[in-house]
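Asks: here is the input, now give the coordinates:
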Amino acid sequence: MQWRPMEKINQNLPDGIKVYKGKNNIMPLKAWYAEVDVSLQDMSIRVVHSQDTDRKETLSEFSDNLNASIVVNGGYFILDKDPTEHVGLLMSNNIIHSPAIASVLRGSTRYFLTRSALGIRDDNHIDIAWIASRNDSIYEWQAPVLNQQNIPQLSLDYSQAVPWNVRDALQAGPVLITDGEINITVDEEVFFSSEIPNIHPRTAAGYTSDGRFIIMVVDGRQASSRGVYLQELAVMMDNLDCVEAINLDGGGSSGMVVNGKILNRPTGTTAQREVMSAIAVLFQE
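Replies: Numbering: from 1, shown residues only. Below you'll find the model as predicted:
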């Protein structure tokens, strides 16, 4: 990818936040990423959820309602439910709006699992962990519980876990990078036999060792941008020096709004899908 700063947009962003646009004419591919210094004063990184009665809204609506500098889409949700249901953990300001997933069915087989989530601490530092819920508490594991297709984990051992202390969080997955190494945990998180590993428009988030929060969107299903596989997405985040990274909801949900303007073309146009959750970068005036 050839990246260049979006100078006109960056002029209207606070110091410590920059947005870049990338292009690869051979693949072909178009992508955007924002880089946020998590130590910035008067800045807050938040997981937010729709306040509409149907529990979903566009990223531009999130941006307008919050007066956000940056908004990207968040976790998976069931689009055809009314009101919409989040898939996995959704927590804002220490309030759990949807619990973490503890198990899923694949055919007639139940797999107990620790799906990954992005968490935000009070000091805006980011954590990416494999998690599950129990008794209204959230626990994290140092490594994902092992699952393979047709070889399910039959229970979760909470003695191997510790409480996950974050203020905001959303579950998505799979993990892309762990401890500075590409580590895509598709099987462990039971994303096999799903569309998730295939080529799609993408949204990803991660952080670097020097305290930069990276959020990226990649367009897809277009003549000018085909989308990426998880492995390609992981390489893109690794090339930006992420030491931890996670795949978020993608497809037609993938989008980035900066200062009220949608940067990418989520469905090949400027139209936006309504989503249930998002990650927002906010500043106090």
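Asks: got the end-to-end distance for stretch 176-183?
Replies: Taking Cα to Cα, to the nearest Å as the measure, stretch 176-183 stretches 5 Å from start to finish.
Asks: can you tell me the closest non-neighbouring residue to Leu282?
Replies: When the adjacent residues along the chain are set aside, Leu282 lies closest to Ser44, with 4.7 Å between them (Cβ to Cβ, 6 or more residues apart in numbering). The C-beta positions use only the backbone N, C-alpha and C, and glycine is treated the same way.
Asks: what is the host helix or strand of that neighbour packed up against?
Replies: According to DSSP states H and E, Ser44 maps onto strand 43-49. Identification of packing neighbours for strand 43-49 by 3 or more Cβ pairs under 8 Å, 6 or more residues apart in numbering; DSSP states H and E yields strand 90-92, strand 115-120, strand 168-171, strand 277-283.
Asks: list of residues touching stretch 171-185?
Replies: 74-76, 87-90, 100-101, 115-118, 128, 130-131, 144, 186, 188-189, 191, 196, 204, 206, 209, 230-231, 233-235, 237-238, 242-249 (Cβ atoms under 8 Å, 6 or more residues apart in numbering).
Asks: thinking again about what came up before, ok, now which ones touch the residue nearest to Leu282?
Replies: Ser44 neighbours (Cβ under 8 Å, 6+ apart): 124, 281-284.
Asks: wait, what's in contact with the closest residue in space to Tyr76 that isn't next to it in sequence?
Replies: Distances taken as Cβ to Cβ, 6+ apart put Val87 closest to Tyr76, at 3.9 Å, once the chain neighbours are dropped. Residues counted as contacts of Val87 (Cβ under 8 Å, 6+ apart) are 75-78, 98, 101, 171.
Asks: so which of those would you say is closest to Leu66?
Replies: Gly75 (17.3 Å; Cβ to Cβ).
Asks: is that closest one in contact with Asn247, as I believe?
Replies: No - at 10.6 Å, Gly75 does not count as touching Asn247 under the criterion of Cβ atoms under 8 Å.
Asks: using the centroid of the chain, identify the residue furthest from it.
Replies: Ser108 (28.9 Å; Cα atoms, centre = their mean).
Asks: for it, give me its contacts.
Replies: By Cβ under 8 Å, 6+ apart, Ser108 has no neighbours at all.
Asks: now it: how far from Ile101?
Replies: 18 Å (Cβ to Cβ, to the nearest Å).
Asks: max-length helix in this structure?
Replies: helix 230-239 (DSSP state H).
Asks: which parts of that helix are buried?
Replies: Under the neighbour-count criterion of 16 or more other Cβ atoms under 10 Å, helix 230-239 has 230, 233-234, 236-238 buried.
Asks: return the distance of that helix from the chain's centre.
Replies: Remark: helix 230-239 is offset 14 Å from the chain centroid, using Cα atoms, centre = their mean, to the nearest Å.
Asks: and the average pLDDT for that helix is what?
Replies: Per-region confidence: helix 230-239 scores 99 on mean pLDDT.
Asks: count of residues packed around Asp157?
Replies: 10 (other Cβ atoms under 10 Å).
Asks: need the nearest residue in space to it, chain neighbours excluded.
Replies: Nearest one to Asp157, counting by Cβ to Cβ, 6+ apart, is Val145 at 8.0 Å.
Asks: from Asp64, how far off is the residue nearest in space to the middle of the chain?
Replies: Central residue of the chain (Cα atoms, centre = their mean): Leu248, 3.2 Å from the mean position. Note on Leu248: its distance to Asp64, by Cβ to Cβ, is 21 Å.
Asks: over to Cys242?
Replies: 29 Å.
Asks: what's the burial count for Ile45?
Replies: 23.
Asks: doesn't Ala278 make contact with it?
Replies: No - contact between Ile45 and Ala278 fails when scored by Cβ under 8 Å: they sit 11.4 Å apart.
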